[in-house]
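J.: Kindly generate the corresponding structure for this input.
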Amino acid sequence: MVKVVIASASSALAREVIDALVATKKHDIIALVRKDPAQFPSLPGVEWVKTAYDDKSELVRLFKGVETVICFLAVHLDKDNATQKLLIDASIEAGVRRYAPSEWATGEKLESSLDALSWYTGKIEISRYLEKLNEKNKVIEYTKFQVGTFMNYLGHPHKTANYVQTLPFLFDFESQHAVAVEGSLDDIIVWTTVQDIAGVVARAVEYEGEWPVIGGISGTRATIGELLRVAEVIGRPLKVDWLKKEDLEAEIRNAGGILVPDLRNTTPEQVGSFLQAATARVWTAITRGAYDVTDEWNKLLPDYKFTQLEDFLRSYCLDRVDASILPLSRLPRCGASFRCGLPSLASVVVGMFLTSITSVYWQVFLTQALVTGLGLGCLYLPAPAVVSQHFDASIALAMGASSTGSAIGGIIYPIVFNQLQPRVGFGWATGVLAFILLATSVIPVFLMKVNAPYPKPSRSISF
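T.: Below is the predicted model:
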């Protein structure tokens, strides 16, 4: 069991990490927050502690017996890095073995892009501070968890994590729109889900070896060109607005610094304004390799399975239905085939047969509207998602063809019923429709199958 302190535990990514640590049932966690601890949920093994981060003696007392301190402070809001330096000093004085500074984004090439990502200057300064402290003798072990950017952003507007919110930034698969720089097709971005970040941190806490100073966590390392090709493969090609690199760099020179708000406490309009201003800066940093991170923790934890970019995008970008029916639209993810539609088929057929023996209104409502209607809904909703996985360039034609069944049925069923009802009566006419439904539905239920692997469903704003 390891005793862990989480600094700035109210941040979204910190909450994801806390959940991952709690899930192991192995650790005692002190979660430091500025707010009233009563606002936070009661979790096994977690103690929420209010602090202003300005009293070193208080921090030393809290850190006694602690092995690991993990920091999630927003560095651009930490003036002169005073708070994080105090956390480091208190950790050393209290005998803490390990410290993780607030990184959670760019890699080792960040320093060459500080003119663009000025709000990350504190990351470099804290890195130098730790390096200087360990210059003569190692006084504290530390690792810089560098993750690239959150893959979850690509799933906007879907909920892709418990706490981290998504943004329509740079690559918007919902609107199939992207902004990129001319000549950037070979530039690299590392995409890592917050679930994988939390999972790796939970394992790192238990890791018995020495932490690497540079702690890269690499979910998927992909060029811009590869990302655009994946978008085409999954049937969500992106329309790209190409920007000129020289224009972006000129914009940065002319604009100077940029005021970064506290994105946890801002309105959507303020966030939108910041994103618009940050586009040039983030893309400039991408072209300089700032978001290409290393893979030290991948190598130290070779059995950990990371979510891959294409799997993630298929998981969140192939659903074409309204969010109100999202649980049913995700039925194709339940397993390997479309046979999970068998209960629904049975509901349709049984409902139709029961309708054939009804004699009063409430029986018709129960059998036709509820039993048959529910079965039809559960059969139809997964179908577009399954069909879309088997086609790339002709996906629109395939989806259109698969939808013609409704129109054909709307023509055939009334004709059959109108021809049979005067001859054999309501009961047998409805029964014949049920047999037609059975015959025409059995074949696709057994033949349609998922054509793509999906990651298991699992559990701040960072650039």
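
J.: What is the burial count for Ala346?
T.: Around Ala346 there are 13 other residues, counting by other CB atoms under 10 Å. To be clear about C-beta, it is placed using only N, CA and C from the backbone, and glycine gets the same treatment.

J.: do the same with Trp211
T.: 20.

J.: The one 5 residues further on now?
T.: For Gly216, the tally of surrounding residues (other CB under 10 Å) stands at 25.

J.: again with Val96
T.: Counted with other CB under 10 Å, Val96 comes out at 23.

J.: per-domain residue ranges of the chain.
T.: Listed by automatic domain parsing, the domain ranges of the chain are 3-317, 323-447.

J.: Please name the nearest non-neighbouring residue to Val22.
T.: Leaving out its chain neighbours, the residue that sits closest to Val22 by CB to CB, 6 or more residues apart in numbering is Leu43, at 5.2 Å.

J.: how about that neighbour, phi and psi?
T.: Per-residue torsions, Leu43: phi -120, psi 140 (degrees, to the nearest 10).

J.: ok, now the one 5 residues further on?
T.: Per-residue torsions, Trp48: phi -80, psi 130 (degrees, to the nearest 10).

J.: How much space separates it from Gln146?
T.: To Gln146, Trp48 is 28 Å away according to CB to CB, to the nearest Å.

J.: neighbour count winner among these two?
T.: The residue with more neighbours, out of Trp48 and Gln146, is Gln146; 27 against 22, by other CB under 10 Å.

J.: Which strand residues bridge the more buried one?
T.: Beta-bridge partners of Gln146, counted by DSSP bridges, are Gly216.

J.: what's it in contact with, if anything?
T.: By CB atoms under 8 Å, 6 or more residues apart in numbering, the contact list for Gln146 reads 103-108, 214-217, 293-294.

J.: now Ile197
T.: Ile197 makes contact with 13, 16-17, 104, 145, 147, 150, 217 under the criterion CB under 8 Å, 6+ apart.

J.: export those residues to JSON lines and tack on neighbour count, pLDDT and distance to Thr404?
T.: Listed next are these as JSON lines, based on neighbours: other CB atoms under 10 Å; pLDDT from 0 to 100; distance: CB to CB, whole Å:
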{"residue": "Leu13", "neighbour count": "24", "pLDDT": "96", "distance to Thr404": "47"}
{"residue": "Glu16", "neighbour count": "24", "pLDDT": "97", "distance to Thr404": "44"}
{"residue": "Val17", "neighbour count": "28", "pLDDT": "98", "distance to Thr404": "49"}
{"residue": "Trp104", "neighbour count": "28", "pLDDT": "97", "distance to Thr404": "49"}
{"residue": "Phe145", "neighbour count": "26", "pLDDT": "98", "distance to Thr404": "52"}
{"residue": "Val147", "neighbour count": "30", "pLDDT": "97", "distance to Thr404": "46"}
{"residue": "Phe150", "neighbour count": "29", "pLDDT": "96", "distance to Thr404": "40"}
{"residue": "Ile217", "neighbour count": "27", "pLDDT": "98", "distance to Thr404": "47"}
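
J.: hang on, the earlier thing: I'd like to know which of the domains of the chain has the weakest mean confidence.
T.: Lowest mean pLDDT of the domains of the chain: domain 323-447, a mean of 74.

J.: Give me the nearest residue to the residue most central in space within the chain, chain neighbours excluded.
T.: Centroid-nearest residue in the chain: Asn152, 2.7 Å away (criterion: CA atoms, centre = their mean). The shortest distance from Asn152 to any non-neighbouring residue, by CB to CB, 6+ apart, is to Thr160 (4.1 Å).

J.: can you give me the helices in the stretch 1-150 of the chain?
T.: Shown for the stretch 1-150 of the chain, the helices assigned by DSSP state H, counting those that start in this stretch span residues 12-24, 56-63, 82-94, 121-133.

J.: And the contacts of stretch 6-13?
T.: Residues outside stretch 6-13 that contact it (CB under 8 Å, 6+ apart) are 14-15, 17-18, 29-35, 40, 48, 53, 69-74, 87, 102, 104, 161, 163-165, 194, 197-198, 264, 460-462.

J.: Which PyMOL command selects the buried ones in those residues?
T.: Buried residues among the contacts of stretch 6-13 (16 or more other CB atoms under 10 Å), as a PyMOL selection:
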select buried, resi 14+15+17+18+29+30+31+32+33+40+48+53+69+70+71+72+73+74+87+102+104+161+163+164+165+194+197+198+460+461+462
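
J.: Mark which of the contacts of stretch 6-13 are part of strands, please.
T.: Per DSSP state E, strands hold the following members of the contacts of stretch 6-13: 29-33, 48, 69-71.

J.: Could you check how far the residue nearest to Val22 is from Ile126?
T.: From Leu43 to Ile126 the distance is 28 Å (CB to CB).

J.: of the two, who's got more company?
T.: Ile126 (25 against 14).

J.: okay, now the closest residue to the more buried one other than its chain neighbours: neighbour count?
T.: Distance criterion CB to CB, 6+ apart; nearest residue to Ile126, sequence neighbours excluded, is Pro101 at 4.9 Å. Counted with other CB under 10 Å, residues neighbouring Pro101 total 26.

J.: and if you look at Leu130?
T.: Leu130: 21 surrounding residues under other CB under 10 Å.
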